[in-house]
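Chemist: Sequence plus predicted model, see below.
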Amino acid sequence: MSLVEIVHHNEVIYTILDKPPPEPPKTPRYESKLEKELKETKKPKLRRTFGYAETPVKPPEQFLKKGEGIGQPVKCTDHQCVGGNLPPVPRRPPPGKKEEKPQKNFKILNIKKAIKTKAKPVEPRLVDTRDGHIKKIKGSGEVPEYCLRPDFGRVPEYLVRRNRKIQKALEEIRLADQNKESLCKLISEEERQKLLKDLKNNWELMQKAFLQLPMLTDTIPKILRKTKMEQELKQLEKDIALVESNPYIYIYE
C-alpha cells in the first residue's frame, strides 16, 4: 500500500459545478427628450432678487418731455362729421305777452258742487246692548231679506239650462231607439245554401288533410295536431247539421 501526498493543488470545490449562464443585458430605459427640456426650464434661475434696494434715478438730462408720458387712451368711435349746407338754426320767437289764463273762483265752484251733491243715505242700525253696541241691520237676521228678493222661490237659471240639455239628450235617445233597425236579420235561401256548400267544402279539405296524417303518433306535436284537427272536424259537422236542420236562420250584424 502506497500513500500519495499532494501538497500543491489548484482545485477548488466551488469551481467543480457548472456556473449558471449569465443574465442577458437589459434593454436601455426609454427617456423622453421633452422631459429633459422641461426639467431645464423648471430649474430656478440663480441670483434672482426681489428688485432694487433703491430705485435708480434717471439723470437730469433725461427729463420727461412733452408727449412722452402716459396719456389718456383714445376712444375709437364710428362718428363722422357731416359736411355741407345744413339747415339754419330756428330763431327764438320774439318776447311777447303771455297768454292770460282764465281765473277761477274756487269758492263759487265749491258752493255749486255742494248744492248739487246728494246726501249720503243713513245706513239703518240698531243698538242691542245697554253699552251702546251698534250693529248693522242688514245681514243681522233681524229683518227678513232673502224672502223679499225678486228671484225667491224660482229655479236657478243654470239648473234650467242643465235640465233642457238633459231633456234634449233623452229625446234624441228615444228617437234613435224608435228608428233603430232590428239587429236580427233573416238570411235568404240562396245565402243559406251557399253557407252550407262552403261548410261542406271546408269539411272535405279538413278530412283530406286529416287522412294524410301519419298512422303513428309517437311525438307530442303529432298528437296535438291530430287532436286539433279532430276538434275542427267535429265542429264543422255540428255546423253542417245545424244549417241543414234549420231552414230559417237569423244572424246578428
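Modeler: Structure received.
Chemist: And residue 226, how far from residue 199?
Modeler: 22 Å (C-beta to C-beta, to the nearest Å). All C-beta atoms are positioned from the backbone trio N, CA, C, and that covers glycine.
Chemist: again, but for residue 168
Modeler: Counting by C-beta to C-beta, the gap from residue 168 to residue 199 is 49 Å.
Chemist: Between those two, which is the more surrounded one?
Modeler: residue 199 (18 against 10; other C-beta atoms under 10 Å).
Chemist: correct me, but that one touches residue 236?
Modeler: Yes: checked against C-beta atoms under 8 Å, the pair residue 199 and residue 236 is within contact range at 6.1 Å.
Chemist: low-scoring pLDDT stretches of this structure, where are they?
Modeler: In the predicted model, the chain carries pLDDT under 70 at residues 1-17, 44-49, 182, 253.
Chemist: For the longest helix seen in it, buried residues please.
Modeler: With DSSP state H applied, the helix covering the greatest number of residues in the chain is identified as helix 220-245. Buried residues in helix 220-245, defined by neighbour count with 16 or more other C-beta atoms under 10 Å: 233, 236, 239, 240, 243.
Chemist: what sits against the last one?
Modeler: If I follow you right, that is residue 243. Each residue near residue 243 by C-beta atoms under 8 Å, 6 or more residues apart in numbering is listed here: 192, 195, 196, 199, 249.
Chemist: does the last one really touch residue 186, like I thought?
Modeler: Yes: proximity of residue 249 to residue 186 meets the contact threshold set by C-beta under 8 Å, at 7.4 Å.
Chemist: Between those two, tell me which one has more neighbours.
Modeler: Neighbours per residue (other C-beta under 10 Å) separate residue 249 from residue 186, with residue 249 holding more: 15 against 11.
Chemist: For that one, give me its contacts.
Modeler: 186, 187, 192, 195, 243.
Chemist: hmm, try it at 7 Å
Modeler: When contacts are counted by C-beta atoms under 7 Å, 6 or more residues apart in numbering, residue 249 touches 187, 192, 243.
Chemist: Please settle this for me: is the second one part of a strand?
Modeler: No: judged by DSSP: H, G, I helix; E, B strand; the rest coil, residue 192 forms no part of a strand; its state is helix.
Chemist: Doesn't residue 126 belong to a helix?
Modeler: No: counting by three-state DSSP, residue 126 is not found in a helix; it is strand.
Chemist: ok, what's across the strand from it?
Modeler: On the basis of DSSP bridges, residue 126 takes part in beta bridges with residue 135.
Chemist: Quick check: of the contacts of residue 243, which lies closest to residue 150?
Modeler: Within the contacts of residue 243, proximity to residue 150 (C-beta to C-beta) peaks at residue 249, which comes in at 68.2 Å.
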